[in-house]
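Q: coords below, sequence missing:
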């Protein structure tokens with residue numbers, strides 16, 4: 001009985017070790033097996049491009065192709081999961097009811113009511129004369145009141161304009177004072193030695209991050225030209241300061257007697273999650289960086 005119990009414990013231990021080994025293997029694969037990406041494209045009157053992201057020796061991959069239309073496909077162990085089935089789209093037509101007509105095929109005519117217009121009774125001549133005199137008497141003081149109102153309105157506009165200028169000037173003075181105080185605080189912050197060390201660390205890690213993420217292999221050819229040789233020469237002058245960046249990987253071919261633009265480009269790179277985590281850990285272990293991060297979170 002004891003031997004059977006020990007045998008069961010033995011097999012359970014072996015099973016747990018196998019499961020632990022599988023979990024550890026997957027974790028190490030996620031951390032240290034890089035995610036690889038590659039892309040290539042060409043332009044000769046029409047843009048053609050193709051890209052791929054793969055992991056674990058292309059057991060998992062995403063491919064994208066552009067040749068006028070974009071097509072994206074996912075492959076797991078080389079097989080496309082969940083293939084889409086083409087279905088025909090059907091639209092339902094809704095019928096609108098016909099308008100109601102009479103038996104003869106014509107709509108019944110609507111009767112339009114007719115109203116009789118009666119002539120208005122004219123006022124006596126004496127009343128007309130009296131109303132005209134009263135209207136003339138009322139127009140004279142109304143004109144004077146209108147001029148007084150216009151003068152008061154202009155005065156209020158001038159006062160409002162001066163008040164706006166005064167408020168704007170005071171506001172700008174306050175902003176300049178606040179900006180000057182912030183600039184002084186920023187300079188004091190940057191002059192501290194611990195902050196300088198933190199910024200140097202951030203600079204190193206950012207450079208290291210981009211070196212790791214950016215493609216390691218780049219190659220291509222660009223051929224361009226204009227009918228005017230002077231324009232081609234000017235473009236060569238503009239791009240010549242950047243020759244140290246692209247000279248070893250991209251070949252530039254100028255054409256001085258023809259208007260042309262074509263070329264091709266290919267690049268490859270990889271991203272390892274363990275390297276990104278290590279870069280982040282190098283920044284996080286800096287005590288001053290954690291302090292600055294807490295202050296920033298408290299402020300915002």
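A: Looks like it came in fine. No experiment lies behind these values; they were computed from the predicted model shown. Numbering: from 1, shown residues only.
Q: pLDDT weak spots in the stretch 151-300 of the chain?
A: The stretch 151-300 of the chain contains residues with pLDDT under 70 at 151, 153-155, 159, 300.
Q: all the strands of it, residue numbers only.
A: Ranges of strands in the stretch 151-300 of the chain, per DSSP state E, counting those that start in this stretch, are 217-225, 250-255, 260-271.
Q: could you export these as CSV, including distance to residue 293 and mean neighbour count?
A: Every residue, glycine included, has its C-beta placed from N, CA and C. CSV is the format used below for these (distance: least, CB to CB, whole Å; neighbours: other CB atoms under 10 Å):
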stretch, distance to residue 293, mean neighbour count
strand 217-225, 35, 15
strand 250-255, 40, 14
strand 260-271, 25, 16
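Q: now those strands in TSV, with distance to residue 187?
A: Below are the strands of the stretch 151-300 of the chain laid out as TSV (distance: least, CB to CB, whole Å):
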stretch	distance to residue 187
strand 217-225	41
strand 250-255	42
strand 260-271	38
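Q: out of those, the one nearest residue 294 is which?
A: Residue 294 lies closest to strand 260-271 among those, at 29.6 Å (CB to CB).
Q: the closest one - contacts with which helices or strands?
A: Helices and strands touching strand 260-271, as assessed by 3 or more CB pairs under 8 Å, 6 or more residues apart in numbering; DSSP states H and E, comprise strand 35-43, helix 193-213, strand 217-225.
Q: paired strands for it, with orientation please.
A: According to DSSP bridges, strand 260-271 forms sheet pairs with strand 35-43 (antiparallel), strand 217-225 (antiparallel).
Q: in the first one, what's buried?
A: Within strand 35-43, the residues that qualify as buried by neighbour count (16 or more other CB atoms under 10 Å) are 36, 37, 38, 39, 40, 41, 42.
Q: pretty sure the last one is in contact with residue 263, am I right?
A: What that stands for is residue 42. Yes: the pair residue 42 / residue 263 is scored as a contact, 7.1 Å apart, by CB atoms under 8 Å.
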